[in-house]
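**Student:** got a predicted structure plus its sequence, pasted below:
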Amino acid sequence: MGAALADMNIHSIQDLFEYFPYRYEDFRLRDLAEVKHEERVTVEGVIHGEPSLMYHGRKKSRLTVRLLVDRYLIKVVFFNQPYLKQKMTVNETITVTGKWDQHRQTITANQMSVGENQKKQEFEPVYAIKGKVTVKGLRKHIHNAFAQFGSQITEILPEELLQRYRLMNRRDALKLMHFPQGAEDVKQARRRFVYEEFLLFQLKMQALRKFEREQSPGIAQSYQTTAVQEFIKGLPFPLTNAQQRVVNEVLSDMNSSYRMNRLLQGDVGSGKTVVAAITLYASITAGYQGALMVPTEILAEQHAESLTALLSPFGIECRLLTSSVKGKKRREILGELADGNIDVLIGTHALIQDDVSFKNLGLVITDEQHRFGVEQRRVLREKGESPDVLFMTATPIPRTLAITVFGEMDVSVIDEMPAGRKTIETYWAKHDMLDRVLGFMEKELAQGRQAYVICPLIEESDKLDVQNAIDVHHTLSVYFGSRYKVGLMHGRLNSAEKDAIMQEFTENKSQVLVSTTVVEVGVNVPNATFMLIYDAERFGLSQLHQLRGRVGRGEFQSYCILLADPKNEVGKERMRIMTETNDGFELSEKDLELRGPGDFFGKKQSGMPEFRVADMVHDYRALETARNDAAVMVQSTAFWQSEKYRSLRQTLEASGVLAGEKLD
């Protein structure tokens, strides 16, 4: 049995105590008038008429019986349990448990008990099991473990926290997780473990942050306050309140003796580039150089153009370095950079080549930082002596995820759009309305505008019935004929091919761009006012919002059409939410609720912590409370010295944090 338990990651008595049920079966009898559609329910009733048994093939069967439950005459259906018919007698009382279909007045049951054999246990835990382990066997092991070792369970939370939040002690909470009398017992035990899990995790994150700061002192950049204020006054537009707040947070970091490690989130079009320009200017007035690394050449060119326009009137030398810059020109840039004659270097991965050497790098900014690996970001950072680091992203990350996944960073948010920016009008259309949608698109093209068409797959797949980029490109090329040129871009093209196609669209040499989601990040074509997204239900809300942000960048009204025939309620809800809000942060929170944290980034995020009990979405208040408590503790002398925190310190030691090790 030991090997079978080990397969379930149960290696010790503590593992057994902490192997919690994933749900609980409630066998208490309920009034059907109070039961919601598709809820699991247990009812007791009298058999009304002979049961009916039908076979489908050799092994499949359907057993149906009418049951009088209080004032309701309902149907109960059992699949593939034909032997139950022998246990049913007309006018006899039975108890059944299953899913209630309110519309059909039917319970699809999986459990039945008759007369004296009815369940005595009204509230039972359900465990995930595998191999030879049975639920009954596992419960017996847990029961025996409590009998022998329950008295040795020690408390790890200080008494003051138990009292402040009215939390159960650890021993009682563990027992009630496994042997509750009802839902209230589970609720109180769960409250305790939600807080405990979040607190332990946040202590690790806050301790890492503290050690990171102490072990890597930064440079206190004494920037020229008056010059920075004059620079801000000279901008072509006033800063929003959110931009001003974020600038103050970043400048405060730069002025401190700690190395800045800050994540800047801002919706598409919220003005992150201006914040970057101000911080770069401040660093230059302190005598340092700045670097901005972005994922694509086109984005690098756009940033170089924007930053040069903002900084060059103040005598700041900005240069662009990408893999396209070769030979003599590249050697000249590298020479000027090493001599300190270039103030700001903007580029792609080309910035982290061995021969790129700065004279005095003080500030590193990475845009769309999740597109770069940890190693790439580290190499750029090591081009200077502990430069300040600012990560920027236009992917709005829900607050709950930001303080969990990026817990060792400070997080700044630009949650306000510049005045005068037009809202993108978003509509949901079914596939049978495509002709009308294309007519709408052609009206925009006739006014000299351009359009994006986004597809989920490159080419036809047997597995998914979705439109693909190659087919759509062919269809639209035929539809528009010689009137408008239709380009095609997807992930299988190499960088040079993608850049050439994007350049053509940027210069309006093609009017329609059919693309997979590779167009998602950083493309800026102010003349594009129309976006059509095929099979929009295949995308998460955050990705749809990112795609939508490719239009609405100029002075003209822009439109986004979601072409979708969602098969389920979640898909329909996504479409409805998209048409109702343009707020990326609101959408990201909704997306997290609909998809769960593991799928938020489009694939299972390796950095996502796994909690046994806690749920980052539904327990976010407890998460924020735990984070605040952890931050206060880690900064206090008492936490590192007092006896009452010893158990918490031991958990940090066990995870390797106190040895200065990084968490996985």
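**Tutor:** That came in fine, so what should we check first?
**Student:** element containing Ile365?
**Tutor:** strand 361-367 (DSSP states H and E).
**Student:** now do that strand: which elements does it pack against?
**Tutor:** Here strand 361-367 touches helix 272-285, strand 289-293, helix 374-381, strand 388-393, going by 3 or more CB pairs under 8 Å, 6 or more residues apart in numbering; DSSP states H and E. In this view, the C-beta of every residue, glycine as well, is placed from N, C-alpha and C.
**Student:** downstream of the second one, the next helix or strand is which one?
**Tutor:** Using DSSP H and E, the next helix or strand after strand 289-293 towards the C-terminus is helix 297-311.
**Student:** just send the helices and strands packed on strand 361-367 back as CSV, with mean pLDDT, mean neighbour count and distance to Thr240 too.
**Tutor:** Output for those, formatted as CSV (pLDDT from 0 to 100; neighbours: other CB atoms under 10 Å; distance: least, CB to CB, whole Å):
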stretch, mean pLDDT, mean neighbour count, distance to Thr240
helix 272-285, 94, 24, 10
strand 289-293, 92, 27, 21
helix 374-381, 62, 16, 28
strand 388-393, 87, 24, 16
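**Student:** ok, which of the ones you listed comes nearest Phe358?
**Tutor:** Closest approach to Phe358 among the helices and strands packed on strand 361-367 (CB to CB): strand 289-293, 5.2 Å.
**Student:** the closest one pairs with which strands, and in what direction?
**Tutor:** strand 344-347 (parallel), strand 361-367 (parallel) (DSSP bridges).
**Student:** among the ones you listed, which gets the worst mean confidence?
**Tutor:** Lowest mean pLDDT within the strands paired with strand 289-293: strand 361-367, at a mean of 89.
**Student:** where does the closest residue to Val46 other than its chain neighbours fall, secondary structure wise?
**Tutor:** Leaving aside its sequence neighbours, Val46 sits nearest to Leu68 (CB to CB, 6 or more residues apart in numbering; 4.7 Å). Using DSSP H and E, Leu68 maps to strand 60-69.
**Student:** contact partners of that strand?
**Tutor:** Under the contact criterion CB atoms under 8 Å, 6 or more residues apart in numbering, strand 60-69 has outside partners 32, 43-49, 51-56, 73-82, 84-85, 88, 94, 96, 107.
**Student:** could you point out which element follows it?
**Tutor:** Counting by DSSP H and E, what follows strand 60-69 is strand 72-79.
**Student:** buried residues, that next one. List them.
**Tutor:** By 16 or more other CB atoms under 10 Å, the buried positions in strand 72-79 come out as Ile74, Val76, Val77, Phe78.
**Student:** same question, stretch 244-254
**Tutor:** Applying 16+ other CB under 10 Å to stretch 244-254 flags Arg245, Val246, Val247, Glu249, Val250, Leu251, Asp253, Met254 as buried.
**Student:** is it true that the third one touches Leu239?
**Tutor:** Yes: contact status for Val247 versus Leu239: in contact at 6.9 Å, counting by CB atoms under 8 Å.
**Student:** what is in contact with those two at once?
**Tutor:** By the contact definition CB under 8 Å, 6+ apart, Val247 and Leu239 are jointly contacted by Ile232.
**Student:** send the alpha carbons of the strand holding Ile365 over as PDB?
**Tutor:** C-alpha atoms of strand 361-367 as PDB (Å, rounded to 0.1, in the frame of the first residue of the first chain):
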ATOM      1  CA  LEU A 361      24.200  51.600 -18.500                       C
ATOM      2  CA  GLY A 362      21.700  52.800 -15.800                       C
ATOM      3  CA  LEU A 363      18.300  51.900 -17.000                       C
ATOM      4  CA  VAL A 364      17.000  48.800 -18.900                       C
ATOM      5  CA  ILE A 365      13.400  48.700 -20.200                       C
ATOM      6  CA  THR A 366      11.900  45.500 -21.700                       C
ATOM      7  CA  ASP A 367       8.700  45.800 -23.600                       C
END
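**Student:** 63 is where my numbering starts, stick with that
**Tutor:** Noted, 63 is the first residue going forward, which turns the last one into strand 423-429.
**Student:** distance from the chain centre to it, please.
**Tutor:** Strand 423-429 sits 25 Å away from the centroid of its parent chain (CA atoms, centre = their mean, to the nearest Å).
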